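Asks: Next comes the sequence, and after it the predicted model I'd like to discuss.
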Amino acid sequence: MEIEQPAYVIHSSPYRETSALVTCFTPGHGKIKGVVRGVRGSGKAAFQKAASVQPFQKLNLSWREKPNSSSDLISIRQFESLPVRFPLQGDSNVCGIYLNELMYRLLYPNLATDNLFEVYQQSLYELLAAQQRNQQAWILRQFEASLLAEMGHPLLCELDVNQQKILADLDYFYYPNYGAILASLDKAKSGVEIKGRCLLSMADAEYREECLVSLKRLFRVLLAEYLGNKPIKSRELFQ
């Protein structure tokens with residue numbers, strides 16, 4: 001069966017003499033890995049293909065599904081650039097690379113991710129327009145929340161572990177795979193300390209500058225549950 005999908009390249013590496021091994025993000029099939037031939041060379045066609053393999057360039061891909069194949073690797077038949085491109089620069093470019101690395105590391109292959117695909121595109125639009133680091137940080141936090149939800153581990157930011165409404169003016173400790181505990185009731189106090197209003201800001205998608213530091217700390221802990229000990233390389237680019 002022939003499959004056709006819009007896509008973005010989230011990772012690529014040289015493959016044999018003239019090809020590239022690319023990991024793409026698609027709405028209907030999620031993360032896929034395939035071979036693009038004729039990407040590396042001195043001719044015009046190779047140059048055009050190499051330009052398409054760059055991140056933040058929307059593509060149209062087609063490949064043939066192989067029934068009963070034991071390999072996740074596909075052979076891409078068509079690899080066409082679409083007129084949608086996000087020329088991210090500076091810190092916004094680093095933020096985009098970070099989003100790509102998260103998806104490359106955390107998404108399971110060949111699972112539909114229509115909603116996350118739309119969130120990703122919107123994040124690229126917003127990063128293109130962002131002028132300040134605070135704006136970029138808020139975009140990252142929203143995407144991280146969407147990614148965790150896509151993985152089946154949503155941020156629990158409206159009710160605490162006792163199913164009580166989280167209140168803006170109270171302090172909480174948040175625990176991965178468990179949720180928020182009212183600080184006054186938590187004897188361990190070993191979770192991520194966070195204000196109720198900061199959790200609610202994620203529920204309401206309401207930007208609060210005073211919450212950015214604690215939200216960054218929270219998502220770093222939440223993502224570490226699934227990333228393991230291997231560090232995120234793009235974080236080093238923020239230094």
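Replies: Received it, and whenever you're ready, just let me know what you need.
Asks: Strands of the protein, residue ranges please.
Replies: 2-15, 19-26, 30-36, 57-64, 73-85, 171-175, 179-182, 192-195 (DSSP state E).
Asks: Worst mean pLDDT among these?
Replies: With a mean of 85, strand 73-85 has the lowest mean pLDDT of those.
Asks: Now do it and strand 19-26, the angle between them.
Replies: For strand 73-85 against strand 19-26, the angle between stretch directions is 70 degrees (axes from the mean of the first three to the mean of the last three CA atoms, to 10 degrees).
Asks: How about the most centrally placed residue in the chain: what's its closest non-neighbour residue?
Replies: In the chain, the centroid-proximal residue (CA atoms, centre = their mean) is L99; its distance is 3.9 Å. Spatial nearest neighbour of L99, excluding adjacent residues (CB to CB, 6 or more residues apart in numbering): F143 at 5.7 Å. (Each C-beta comes from the backbone N, C-alpha and C, glycine too.)
Asks: hang on, that neighbour packs against Y120?
Replies: Yes: F143 lies in contact with Y120 (CB atoms under 8 Å); the separation is 7.1 Å.
Asks: Need the overlap of contacts for those two.
Replies: L99 (CB atoms under 8 Å, 6 or more residues apart in numbering).
Asks: pLDDT weak spots in the chain?
Replies: Across the chain, the ranges flagged by pLDDT under 70 are 38-43, 45-46, 67-71, 238-239.
Asks: residue boundaries of the helices in it?
Replies: Remark: helices assigned in the chain by DSSP state H are 44-52, 90-106, 114-129, 133-150, 196-203, 212-227.
Asks: Okay, Q164 and I194: tell me how far apart.
Replies: Distance, Q164 to I194, by CB to CB, to the nearest Å: 16 Å.
Asks: Among these two, which residue is more densely surrounded?
Replies: For the pair Q164 and I194, the greater number of neighbours falls to I194 (21 against 10), based on other CB atoms under 10 Å.
Asks: Beta-bridge partners for the more buried one, please?
Replies: Beta-bridge pairing for I194 (DSSP bridges): Y172.
Asks: is it true that it touches Y174?
Replies: Yes: with contact defined as CB under 8 Å, I194 reaches Y174; the gap is 5.6 Å.
Asks: rewinding a little: of the helices of the chain, which approaches K58 most closely?
Replies: helix 114-129 (7.9 Å; CB to CB).
Asks: where does that closest one sit relative to the chain's centre, distance-wise?
Replies: From the chain centre to the centre of helix 114-129 is a distance of 10 Å (CA atoms, centre = their mean, to the nearest Å).
Asks: in it, what counts as buried?
Replies: Across helix 114-129, burial judged by 16 or more other CB atoms under 10 Å covers L116, F117, V119, Y120, Q121, S123, L124, E126, L127, L128.
Asks: ditto for stretch 104-113
Replies: For stretch 104-113, burial by neighbour count (16+ other CB under 10 Å) applies to R105, L107, T113.
Asks: ok, these vs D72, which is closest?
Replies: For these, the nearest to D72 is L107 (12.2 Å; CB to CB).
Asks: Pretty sure the closest one sits against Y120.
Replies: No: counting by CB under 8 Å, L107 stays clear of Y120, with 10.8 Å between them.
Asks: Now for those two: what residues contact both?
Replies: In terms of CB under 8 Å, 6+ apart, L107 and Y120 are both contacted by the residues F25.
Asks: And K165, how far from N229?
Replies: Using CB to CB, K165 is found at 36 Å from N229.
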